[in-house]
Structures are given as C-alpha cells and as structure tokens.
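In: Have a look at this prediction, sequence included:
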Amino acid sequence: MKSDARQFRKDLAGHAPWRFVLLHGDDAGLIRELAAAVVSAVAGSQDDPFRVAVLTREDQSRLPEEASALSLDGGRRVVRVREATDALLADLQHSLEMAGDTVIVVEGGALPARSKLRALAEKRQDSVSVGCYPEEGRALGTTISSLFAAHKIRIGSEAMNWLLSHLGADRSIVRSEVEKLVLFAGEGGELTIDDVREAVGDSGAVSLEDAAFHAMEGTFVEADMALQRAFLEGNSPIAVSRALLSHISRLRRASALIQSGLSRSDAMKALKPPVFFKRTQAFGRALDLWPLADLEEAGRKTQALELACKQSGAPDVLLCQRHIAVLAFRAASAARRHRRV
C-alpha cells in the first residue's frame, strides 16, 4: 500500500502490522526520523542488540540471515536497511517469503516511480511505501508551529516568515534549528525576528537560495559558487531544483501581479511569505530580466530537471550545473540588452 508521512505516523501509533516498510523520497532527514520511529515502536529502543539489526550498503547481503534470526529475549525483531536500491530486491523478496514476523525497514532515498522496491511495497498487503518529501509553505509552517507549541513558545508573524524563507525543507535541519530556538527562548518564551536571525543565522538553505537568486539575476560565477557550497553542505540536486523552482514560481506570481496593475513593491509584499528585505533588490532585478512567458518556460524546464535527476544513473550534479548555467547566461544576456537600451 501507499502512504505519506502524516498518515504513516497515525498508522504507526495504531501499531499497524507491517512486515516491510519502504521509506523513500527527497527528505533524507524525514526518512531517518520515520525509520527510527518504526524501530522504537517495534523493539522499544534503537540499540537493542537482540532485537535490532542495522545493515549498511556494504552488508545488505546479510538481510535474509538477519530477517530469519530469532530474538534471544523474546519480542519482535526489526532490521533497518540503509541506502537501499533496487539491487536489494531479490534478498528482500526471499526474506519476506520466510516464516517469521521480523519487520524490515528500508531507507530507499529518491527512488523513481518505476522502482521495483516501490512496486513490491505497494502491492503487498503486509507492506507500506511511504513517500518522504520536503514540506513547503503552509505545511512547513504548521510543522514548525506545532514544534514551538509543544514548548508553549510564541513567535511573531514577521519572525515566522523569516524562518520559513531561510530554513531548509529537510526535516532533520528543521528540527535541529527549531530545537536551537527552543533553547534560545526557553519554555514558554517568545521569539522576535531579531532573536530568530541571531539564533539561526545561515543554514544550508541559504546556499540553495543564493544559487537560485544569482542564476535568475545572471551572475553566473556567484551562482556556481553558491551551488558548490550547497552540494558541500549535503544538499541534493533535487533539493537544488526545488529551491530554484520555488524562486521561479514566486517571480511568476509577482510578475503576474505587476501585470494586473500592482506596483513592484506591492507585488513583492503580496507574496506569502513576502520577499525578505535583504533580497528585495535581487528579486526586483530578476523581475526586470524575465518576462512572464520566459518565467513560465524556465519553470517547465526546471520541473523537467527534477524528473531527469530522479532517473537511475543520471549525472544529476552535472545536469544541475548545466541548468543553472543556462539560466544565468540567459539572464546575463537580458541584462546586457537592458544596458544598451
């Protein structure tokens, strides 16, 4: 069966009787968090040597052996398989055919829709395929608000908007930064925008945002440097494409509002969240360089980039670099034309 992270949490709380749990998608932090939640729900802890086995890419061939092992002190066992690909399929099928009730949790990463692991998890009645994708917009805001509410911490709308525009979508990064802010504010405290800026500072998301902004402004060298930083900070090419698509989508909305009669300033303020004040000049420069029709075309090509990056064996980093370069050179050419006018 198929599921998403929100529904899966509800099912896990109800002790759903799975034998095979496949966690896949672009949010590596959420995948790790849900895998740990399954292990704790089944075995009661993360490190019980009699009930928990963790297999990395190098020792995944031991899956049938671990899946058939018995717990020496009773209770259900769980095998957690990390960095899995479709190469695991044969051993996994063999393990599921054996008698027993060991739960196999597979962390699959960004598997394509035609993945054999996904097909297996979706068709079996005792299995679940859980899509783990970065939260954006209102969903991300709801998650952050609930984390603050658990500690009775109040945060103003301006501070929340800044936080949403500067946090990465990766679940582990979000949780880490929110936990930092909880310590900063204290139980029952309050956070202002100055508090948030001081505590959070730059995160991995800023490099992604820098790459997107520089590409759409036509500053190729800066865009390429920001892209390299984003990769060094652990961001995936898919995360880059999504950050870029988000920026293009906001430019499209602002451009459409300007065509409807709003001033540029009012159009940027009307976005949710509004453009961060330190980014307004860069955002405005991109609006000058990209007509609405060209932004729509750039959005389509960026969506195609994400699909290409998800293909097995695709040179995703190279595809990302080329796409950023094409956008930057297109914007730079427009800037030169503007200067000649």
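Out: Here it is on my side, so go on. Residues are numbered from 1 along each chain as shown.
In: List the buried residues of the longest helix along the chain.
Out: Across the chain, the helix with the greatest residue count (assigned by DSSP state H) is helix 316-340. Residues of helix 316-340 classed as buried: 316, 319-321, 323-324, 327-328, 330-331, 334 (neighbour count, 16 or more other C-beta atoms under 10 Å). C-beta coordinates here come from the backbone N, C-alpha and C atoms, glycine included.
In: what is the mean pLDDT for that helix?
Out: Taken as a whole, helix 316-340 has an average pLDDT of 91.
In: Same question for stretch 64-71.
Out: 86.
In: now do stretch 92-102
Out: pLDDT averaged over stretch 92-102 gives 88.
In: Please enumerate the strands of the protein.
Out: Shown for the chain, the strands assigned by DSSP state E span residues 2-4, 20-24, 52-55, 78-81, 103-109, 127-131, 154-155, 190-191.
In: is it possible to export these to TSV including mean neighbour count and distance to residue 217?
Out: Output for the strands of the chain, formatted as TSV (neighbours: other C-beta atoms under 10 Å; distance: least, C-beta to C-beta, whole Å):
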stretch	mean neighbour count	distance to residue 217
strand 2-4	15	36
strand 20-24	25	35
strand 52-55	20	45
strand 78-81	25	43
strand 103-109	23	32
strand 127-131	22	34
strand 154-155	18	31
strand 190-191	16	31
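In: can you tell which of those is closest to residue 300?
Out: strand 127-131 (23.0 Å; C-beta to C-beta).
In: residues in contact with the closest one?
Out: Strand 127-131 has contacts (C-beta atoms under 8 Å, 6 or more residues apart in numbering) with 1-5, 8, 11, 16, 18-25, 34, 96, 118, 120-122.
In: ok, now which ones touch the nearest residue to residue 222 once chain neighbours are set aside?
Out: Closest residue in space to residue 222, ignoring its immediate chain neighbours: residue 214 at 4.2 Å, by C-beta to C-beta, 6 or more residues apart in numbering. Residue 214 makes contacts with 220, 222-223, 226, 328, as judged by C-beta under 8 Å, 6+ apart.
In: quick one: the helices in the stretch 151-300 of the chain?
Out: With DSSP state H, counting those that start in this stretch as the criterion, the stretch 151-300 of the chain has helices at 157-166, 171-185, 193-200, 204-217, 220-232, 237-259, 264-270, 280-289, 292-309.
In: just checking, what packs against the third one?
Out: Taking 3 or more C-beta pairs under 8 Å, 6 or more residues apart in numbering; DSSP states H and E as contact, the helices and strands that helix 193-200 lies on are helix 157-166, helix 171-185.
In: before we move on, what about the second one?
Out: For helix 171-185, the elements it packs on are helix 28-43, helix 137-149, strand 190-191, helix 193-200, judged by 3+ C-beta pairs under 8 Å, 6+ apart.
In: repeat for the shortest one
Out: In this structure, helix 264-270 makes packing contacts with helix 237-259, helix 280-289, judged by 3+ C-beta pairs under 8 Å, 6+ apart.
In: what about those, which gets the closest to residue 156?
Out: Evaluated over the helices and strands packed on helix 264-270, closeness to residue 156 peaks at helix 280-289, with 20.0 Å, by C-beta to C-beta.
In: what sits against the spatially closest residue to residue 24 that is not a sequence neighbour?
Out: What sits nearest to residue 24 in space, not counting adjacent residues and going by C-beta to C-beta, 6+ apart, is residue 108, at 3.9 Å. Taking C-beta under 8 Å, 6+ apart, we find residue 108 in contact with 22-24, 31, 84-85, 115, 117-118.
In: swap the cut-off to 10 Å and go again
Out: Residues counted as contacts of residue 108 (C-beta atoms under 10 Å, 6 or more residues apart in numbering) are 22-25, 31, 81-86, 88, 115, 117-118, 121, 129-130, 132.
In: How about residue 281?
Out: Going by C-beta under 10 Å, 6+ apart, residue 281 touches 217, 275.
In: cool, and residue 111?
Out: Counting by C-beta under 10 Å, 6+ apart, residue 111 has contacts 22-25, 84-86, 117-118, 121, 129, 131, 310, 312.
In: rerun that using 7 Å as the cut-off
Out: 24, 117-118 (C-beta atoms under 7 Å, 6 or more residues apart in numbering).
In: So for residue 79, what's the pLDDT?
Out: What the model reports as pLDDT for residue 79 is 93.
In: re the thing from before, as CSV, the helices and strands packed on helix 264-270 with distance to residue 208 and mean pLDDT would be great.
Out: Below are those laid out as CSV (distance: least, C-beta to C-beta, whole Å; pLDDT from 0 to 100):
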stretch, distance to residue 208, mean pLDDT
helix 237-259, 4, 91
helix 280-289, 14, 93
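In: Any idea which of these gets closest to residue 207?
Out: helix 237-259 (9.1 Å).
In: Can you tell me which of the contacts of residue 111 lies closest to residue 179?
Out: Comparing these against residue 179 with C-beta to C-beta places residue 24 closest, at 25.8 Å.
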